[in-house]
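# Could you work out the structure for the sequence below:
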Amino acid sequence: MALQQTITVYNTLDSAYVTGGKVGQLFDAYPDVTVQVQKVEGEKGSTEFIKIVVKGSEGKLKGGSAPTFGIVGRLGGIGARPSRIGIVSDADGAVAAVAAALKLADMQTKGDVLKGDVIITTHICPDAPTLPHEPVDFMDSPVDILQMNEYEVLPEMEAVLSIDTTKGNRVINHKGIAISPTVKEGYILRVSEDLLRILEMTTGQLPVTFPVTTQDITPYGNDLYHINSILQPAVATDAPVVGLAITAQSMVPGCGTGASHEVDIASAVRFAVETAKEVTQGSCEFYNKAEFARITQLYGTMKVLQTSGKPAVSPL
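As a prediction, the model looks like this:
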C-alpha cells in the first residue's frame with residue numbers, strides 16, 4: 001500500500017511554508033537514500049529542485065550494472081499563493097513522485113531492495129504564478145521549461161516516468177490514472193505492453209491510456225498547443241519517456257484547490273513503484289528496441305521535434 005506515504009507527503013506539501021529542505025527531512029531516517037536540494041531563481045520568482053536517489057543493490061552507484069530508472073514529478077507549482085489558498089491540483093505530480101521515493105525508501109528498511117538505482121526529481125514552489133490556457137487555466141512556473149528539464153531529466157536515467165496532473169482537458173474522461181504511448185527521440189511509439197500489464201495489476205481495472213499529438217512532444221515556447229507539460233522531459237533525453245497522468249472525469253484547472261484525491265495519487269505511486277521494480281530488474285521494457293531500430297531505418301531521425309524547429313520567416 002502507498003496511501004500512508006501519499007498522505008504524509010501531501011500534508012507536508014500542503015503549507016505556505018514548505019521548502020525543499022522540509023521535504024528532504026522525510027528521508028533523514030533512510031541511510032541508502034540521498035537528497036539534494038537546489039534553489040533556482042527565475043523571471044517570476046524562485047523554486048527549489050529536489051533530487052532523491054534510492055540506491056539499488058546492484059545499481060551503478062554501487063558498481064553494478066542494473067538499469068537506472070527515473071521518476072519525474074512534473075508541475076508548475078504546488079501552490080498559487082497569494083491568489084489561491086492551499087495546495088493546488090497541479091501539485092499531484094510532486095506529491096506522487098516524492099511519495100514513490102518515500103515508499104521505495106521504506107521498502108529498503110524492510111529488506112525489499114530494488115536491483116537498480118531510482119532517481120526521483122521534482123520541484124517545490126508554494127507560490128507559483130498562474131497561466132491562461134484553454135479550456136481551463138494552467139499553473140505557470142517561476143522557471144522556464146528548459147531549466148526544469150536541466151534539473152529534473154538527468155543523463156543517468158535510462159527510462160523516465162513523468163507524472164503530471166492532467167485534468168484540464170476534454171480528451172481524458174476518466175478519474176484515476178492513465179499512461180501515454182512511449183516517446184523516444186521525437187517518435188511517438190506504441191503503448192508499452194509491459195506498462196499496460198502493470199497498470200492493470202496495480203489498478204485492478206482495464207488499462208486507460210491517453211492520446212498524444214506531435215505538438216505535445218515538442219518543446220514549450222513554440223506557440224503550439226500542448227495538453228500540458230507531461231511529455232516535456234522527452235525533449236531533453238534520448239531515453240524512452242512515458243507520461244503517467246493523474247486524471248479526472250471533469251475539467252479541473254491546475255490552479256484549482258481542494259481538487260486532489262489521495263486515492264488517485266496513491267494509484268500513481270503504486271504504478272510508479274511497481275514499474276521501478278520491473279525496470280531495474282530488466283523485466284519491463286518501455287519500447288520495443290527492434291521496432292525502434294526498424295522505424296528509424298525506414299524513416300530516419302525525428303530528433304528535430306526535440307528542438308525549437310526552424311526560425312519563423314516573416315511574410316513579404
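# could you pull out the helices for the stretch 201-316 of the chain?
For the stretch 201-316 of the chain, the helices defined by DSSP state H, counting those that start in this stretch occupy 262-280, 289-299.
# Give me the below-cutoff pLDDT ranges for the stretch 201-316 of the chain.
Along the stretch 201-316 of the chain, the parts satisfying pLDDT under 70 run over 312-316.
# let's see it at 90
221, 254, 310-316 (pLDDT under 90).
# would you say E48 is within a strand?
Yes. Using DSSP: H, G, I helix; E, B strand; the rest coil, the assignment for E48 is a strand.
# Run through the helices of the stretch 51-200 of the chain in chain order.
So, for the stretch 51-200 of the chain - with DSSP H, counting those that start in this stretch - the helices run 92-109, 145-152, 193-203.
# Buried ones in the shortest one, by neighbour count?
Neighbour counts over helix 145-152 (16 or more other C-beta atoms under 10 Å) mark I145, Q147, M148, N149, Y151, E152 as buried. The way it works is simple: take the backbone N, C-alpha and C, and place the C-beta from them, glycine included.
# And for the last one?
For helix 193-203, a neighbour-count test (16+ other C-beta under 10 Å) marks D194, L195, I198, L199, T202, T203 as buried.
# between that helix and helix 262-280, how big is the angle?
140 degrees (axes from the mean of the first three to the mean of the last three C-alpha atoms, to 10 degrees).
# helices or strands up against helix 193-203?
Counting by 3 or more C-beta pairs under 8 Å, 6 or more residues apart in numbering; DSSP states H and E, the packing neighbours recorded for helix 193-203 are strand 176-179, helix 262-280.
# repeat that for 6 Å
helix 262-280 (3 or more C-beta pairs under 6 Å, 6 or more residues apart in numbering; DSSP states H and E).
# tell me which residues in the helix it packs on are buried?
Those would be 264-280, for helix 262-280 by 16+ other C-beta under 10 Å.
# on that earlier part again, confidence-wise, which of the helices of the stretch 51-200 of the chain is weakest overall?
Lowest mean pLDDT within these: helix 145-152, a mean of 94.
# Rebuild the helices of the stretch 201-316 of the chain as TSV, extending it with distance to Q249.
Output for these, formatted as TSV (distance: least, C-beta to C-beta, whole Å):
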stretch	distance to Q249
helix 262-280	11
helix 289-299	33
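# What residues does G86 make contact with?
T257 (C-beta atoms under 6 Å, 6 or more residues apart in numbering).
# Mind pulling up the pLDDT for it?
At G86, pLDDT is 95.
# now it: how far from S15?
9 Å (C-beta to C-beta, to the nearest Å).
# repeat for K310
Distance, K310 to S15, by C-beta to C-beta: 45 Å.
# the more surrounded of those two?
Neighbours around K310 and S15, counted as other C-beta atoms under 10 Å, are more numerous at S15. The numbers are 14 against 7.
# which SS class is the more buried one?
With three-state DSSP as the basis, the three-state label of S15 is coil.
# Name the nearest residue to it, sequence neighbours excluded.
Excluding the flanking residues, the one nearest S15 by C-beta to C-beta, 6 or more residues apart in numbering is P126, at 6.9 Å.
# Make sure the one you found is actually in contact with Y17.
No. At 7.6 Å, P126 does not count as touching Y17 under the criterion of C-beta atoms under 6 Å.
# Same drill for those two, tell me which one is more crowded.
Shown here are P126 and Y17; by other C-beta under 10 Å, P126 has more neighbours (22 against 6).
# quick one, what contacts that one?
For P126, the contacting residues are A16, V18, I78, G79, by C-beta under 6 Å, 6+ apart.
# any chance of those residues in JSON lines, with pLDDT too?
Formatted as JSON lines, the contacts of P126 follow (pLDDT from 0 to 100):
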{"residue": "A16", "pLDDT": "96"}
{"residue": "V18", "pLDDT": "97"}
{"residue": "I78", "pLDDT": "96"}
{"residue": "G79", "pLDDT": "94"}
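# Tell me which two of those residues sit farthest apart.
Pairwise distances across the contacts of P126 (C-beta to C-beta) peak at 10.3 Å, for the pair A16 and I78.
# circling back: of the buried residues of helix 145-152, which pair is most distant in space?
Counting by C-beta to C-beta, the most remote pair of the buried residues of helix 145-152 is I145 and Y151, 11.2 Å apart.
# Tell me how many other residues crowd E285.
E285, neighbours per other C-beta under 10 Å, totals 16.
# What residue, apart from its backbone neighbours, is nearest it spatially?
With C-beta to C-beta, 6+ apart as the measure, D194 is the residue that lies nearest to E285, at 5.5 Å, once sequence neighbours are left out.
# To A101, which of the helices of the stretch 201-316 of the chain lies closest?
Nearest of the helices of the stretch 201-316 of the chain (C-beta to C-beta): helix 262-280, 9.3 Å.
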